[in-house]
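attaching a predicted model along with its sequence, questions to come.
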Amino acid sequence: MDLQVAFVPLALEPKTFNIGDTVRVTASFKYTVGADTSVTVQAGPYHYIAGILDRIGSCFGSITVDLPMALTLTEKQFTIDFTLKAEDGIQAGTYGLIVEIPGTEFSVKQDSVLIIAGAPSITDILPMLMAVMMMGMIVPMMEEGGKED
């Protein structure tokens, strides 16, 4: 069986998501194949580390796409959902999106389209926490100063 696939280029606008959000991607490709078959297609975020494409594997989603026999180029559209997981996965920053058929050279990607908002860290809430702690120290001092023996 000789499968030929040509992904339709992604034309996405950058969009902001939060960690834990589910992202839905609709993509398509044109294919020819001599017999009915199916392929696994996966999608997820990636970024570059030292110039090497690094897939954020824990965030990838996949589906099985059925491909009826097609001797002329036939378009197949599909939708894949994936979740932006923080555990061993994504952090705040900007990521690309890749849609691919694993184990083949068939893929399409677009850089800088997933903007992941940061989860609040201790440094984000430290000023508010310090104000509450100071109030906790000042109120007892004011109560002691107002007592007369």
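All right, it came through fine. Residues are numbered from 1 along each chain as shown.

which parts of this structure are strands?
Remark: strands assigned in the chain by DSSP state E are 4-7, 15-18, 22-33, 37-49, 52-55, 61-67, 70-83, 93-100, 107-117.

contacting residues around the third one?
Strand 22-33 is contacted from outside by 1-8, 10, 17, 41, 43, 67, 69-84, 97, 99, 106, 108, 114, using C-beta atoms under 8 Å, 6 or more residues apart in numbering. To be clear about C-beta, it is placed using only N, CA and C from the backbone, and glycine gets the same treatment.

again, but for the second one
Taking C-beta under 8 Å, 6+ apart as the criterion, the residues outside strand 15-18 that touch it are 23, 84, 113-117, 119.

now the nearest residue in space to residue 77 that is not next to it in sequence: how far from residue 49?
Counting by C-beta to C-beta, 6 or more residues apart in numbering, residue 28 is the residue found nearest to residue 77 once chain neighbours are left out, at 4.1 Å. Distance of residue 28 to residue 49, given as C-beta to C-beta, to the nearest Å: 30 Å.
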